[in-house]
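**Q** Sharing a model that was predicted from the sequence below.
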Amino acid sequence: MCLESKAASLAFILLASVLITPAVAQSNAQPTAPDLAGAQVASGGFIFPPLANGHALPGTQPDNHASTVVELRDGDVLVAWFAGTKEGAPDVAIYTARLHHGQWSAPAQLARAKLVACWNPVLFHTADGRLWLYYKYGTSPRTWLAARKFSLDEGRSWSKKENLPPGILGPIKDKPLVLDNGVIVSGSSVEAANWSVWIERSTDNGATWTKFGPITVPESIDQPDRAALAARAEQPATGVATASASTRLYPPPAATIGIIQPAIVNLGGRHLRFYARSRTRASLIAAADSFDDGKTWGSVHFLELPNPNSGIDAVRLRDGRIVLAFNNSYDRRTPLNLAVSSDGEHFTIVRTLEDGPGQYSYPAIVQAKNGDLLVTYSWRRQTIKFIRIPLDAINH
């Protein structure tokens, strides 16, 4: 069902460098860290020029979203995302670009489905050293099927597409957690009338899978605070914000819908936790815990961090702290922030990545071998932005 295509691998220079500034909180749920030595600079910029700036590469698509990032063995960085005329259109395919010696390759199409859109790519390595691309395809999230490819040469060539077994969707947005023993703990979810998280687990590098779920939000805990009620009272815009700098509203729903797109981290030993996107009256990030390496999971609770029905990501640093990338708003996909926690429960915002009009959303975050944080996200859905943040820039 998937059609393969090749694209030229033209290189060009990073377009910008950005200064990471202290956060300005959009809610009263958590304090903001004090200003930390204003000279903290992170390198990065657009992976490719957006159509709107007049210098776009041939083949640049108007809608670009849902990026994933992985560091390769030689220190290069590989990013993938979906792109096309608009989300859900049958021309939407999976694209990749590689950062090599400070230059990004031109975006190249890696996967495409016949007559339906591709969605939400995820890149990661398994314990056997293979680099994997998992992705979804279908007319909408309710009809998704899942497929994957692998690379034995760090993304320079790829296997043919392989469909996942019925009922297995693979990592739905964020990278899975690969345990020290090689077990893959993958966060998945289903968007039906009610949203629910599922955890898919493999002990053989993805050859076979088991799943646990559904994990849902009890209506009894879904109680909006003043900020969530105020957000619900705002007038929402309609349609999908793509090439515009206007800021679309995503108000809390009148009733509990559920949670999706879990990001999984290890809190120590066999204690795992996921953080999930929330479409709830409370409009808060949801979390749940496992104490047996992800085989079973407990009940959901909310953090004191807002979520405007938008994707998040999290990573455990090698020093044990948790970094969470999220939109610090109850109803807007701006600003885009980083928050840090020493216990996985109580977070302090340490950086604002974006705070202008429009939407800056669906972050992906990993820690590089040298300790830096590698972050990608959708920039107004016109392009994908990459930022490399030194570890000492997030100390608090």
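**A** Now that the structure is in, tell me what you want to look at.
**Q** From what I see, Gly155 and Arg73 are in contact.
**A** No. Assessed by C-beta atoms under 8 Å, Gly155 is found out of contact with Arg73, at 10.4 Å. Where C-beta positions appear, they are placed from N, C-alpha and C, glycine not excepted.
**Q** Of those two, give the one with the bigger neighbour count.
**A** Gly155 (18 against 10; other C-beta atoms under 10 Å).
**Q** any idea how far Leu110 is from the more buried one?
**A** Distance, Gly155 to Leu110, using C-beta to C-beta, to the nearest Å: 9 Å.
**Q** joint contacts of these two?
**A** When contacts are counted by C-beta atoms under 8 Å, 6 or more residues apart in numbering, Gly155 and Leu110 have Thr96 as shared neighbours.
**Q** Tell me how far the closest residue to Gly138 other than its chain neighbours lies from Tyr137.
**A** Leaving aside its sequence neighbours, Gly138 sits nearest to Trp144 (C-beta to C-beta, 6 or more residues apart in numbering; 4.4 Å). With the distance defined as C-beta to C-beta, Trp144 ends up 7 Å from Tyr137.
**Q** Overlap in contacts, these two.
**A** With C-beta under 8 Å, 6+ apart, Trp144 and Tyr137 have common neighbours Trp119.
**Q** Tell me the helix or strand right after the host helix or strand of Phe150.
**A** Assigned by DSSP states H and E, Phe150 belongs to strand 145-151. Under the assignment DSSP H and E, the closest C-terminal helix or strand after strand 145-151 is strand 162-163.
**Q** circling back to that earlier point, compare Trp144 and Tyr137 (neighbour count), which wins?
**A** Shown here are Trp144 and Tyr137; by other C-beta under 10 Å, Tyr137 has more neighbours (27 against 20).
**Q** Give me the number of neighbouring residues for Ala108.
**A** Ala108: 18 neighbours (other C-beta under 10 Å).
**Q** Report the separation between it and Glu162.
**A** Ala108 is 20 Å from Glu162, by C-beta to C-beta.
**Q** was I right about Asp225 contacting Ala282?
**A** Yes. Counting by C-beta under 8 Å, Asp225 does reach Ala282; the two are 7.1 Å apart.
**Q** Could you check which of those two has the larger neighbour count?
**A** Ala282 (21 against 17).
**Q** For the stretch 251-396 of the chain, which segments are assigned as strands?
**A** 258-268, 271-279, 284-290, 301-306, 313-316, 322-327, 336-341, 348-354, 360-367, 373-379, 383-389 (DSSP state E, counting those that start in this stretch).
**Q** What lies in contact with the fourth one?
**A** It refers to strand 301-306. 26-27, 29-30, 221, 227-228, 275, 278, 282-288, 324, 326-330, 339, 345-347.
**Q** Do I have it right that Lys173 meets Pro121?
**A** No. Using C-beta under 8 Å, Lys173 is not in contact with Pro121, being 9.3 Å away.
**Q** low-confidence ranges in the stretch 151-300 of the chain?
**A** 235-245 (pLDDT under 70).
**Q** residue boundaries of the helices in it?
**A** Using DSSP state H, counting those that start in this stretch, the helices of the stretch 151-300 of the chain run over 226-233.
**Q** Next: the stretch 1-150 of the chain.
**A** Under DSSP H, counting those that start in this stretch, the stretch 1-150 of the chain gives no helices.
**Q** Sort out which residues of stretch 330-344 are buried, please.
**A** Going by neighbour count (16 or more other C-beta atoms under 10 Å), the buried part of stretch 330-344 is 330-341, 344.
**Q** I misspoke; the intended subject was stretch 250-266.
**A** Under 16+ other C-beta under 10 Å, the buried positions of stretch 250-266 are 250-252, 256-266.
**Q** between these, which is nearest Ala207?
**A** Ile264 (20.1 Å; C-beta to C-beta).
**Q** give me every residue that touches that closest one.
**A** 174, 176-177, 185-187, 199, 272-274, 294, 314.
**Q** now, among the buried residues of stretch 330-344, which is nearest to Pro357?
**A** Closest to Pro357, out of all of the buried residues of stretch 330-344 and judged by C-beta to C-beta, is Thr334, at 6.9 Å.
**Q** Report the contact partners of the closest one.
**A** 247, 327, 354-360.
**Q** quick one on the thing from earlier: I figured the residue nearest to Gly138 was touching Gly170, is that so?
**A** No. In this structure, Trp144 is not within contact of Gly170 by C-beta under 8 Å, at 10.0 Å.
**Q** who touches both of those two?
**A** Common neighbours of Trp144 and Gly170 (C-beta under 8 Å, 6+ apart) are Lys136.
**Q** Spell out which residues are contacts of both of Lys173 and Pro121.
**A** Ala66.
**Q** Okay, buried residues for stretch 354-368 please.
**A** 354-355, 358-367.
**Q** for that stretch, the distance to its chain's centre please.
**A** 9 Å (C-alpha atoms, centre = their mean, to the nearest Å).
**Q** Just the endpoints, please. Distance across that stretch?
**A** 22 Å (C-alpha to C-alpha, to the nearest Å).
**Q** again with stretch 289-300
**A** So stretch 289-300: terminal residues 8 Å apart, C-alpha to C-alpha.
**Q** Looking at the contacts of Ile264, state which has the most neighbours.
**A** Asp174 (30 neighbours).
**Q** pretty sure that one is touching Ile260, no?
**A** No. Look at Asp174 against Ile260 with C-beta under 8 Å: they stay out of range, at 10.8 Å.
**Q** what's the closest non-adjacent residue to Ser196?
**A** Pro214 (3.5 Å).
**Q** which residues touch that neighbour?
**A** 190, 196-198.
**Q** biggest separation within those, which pair?
**A** Longest span within the contacts of Pro214, C-beta to C-beta: Val190 and Val197, 8.4 Å.
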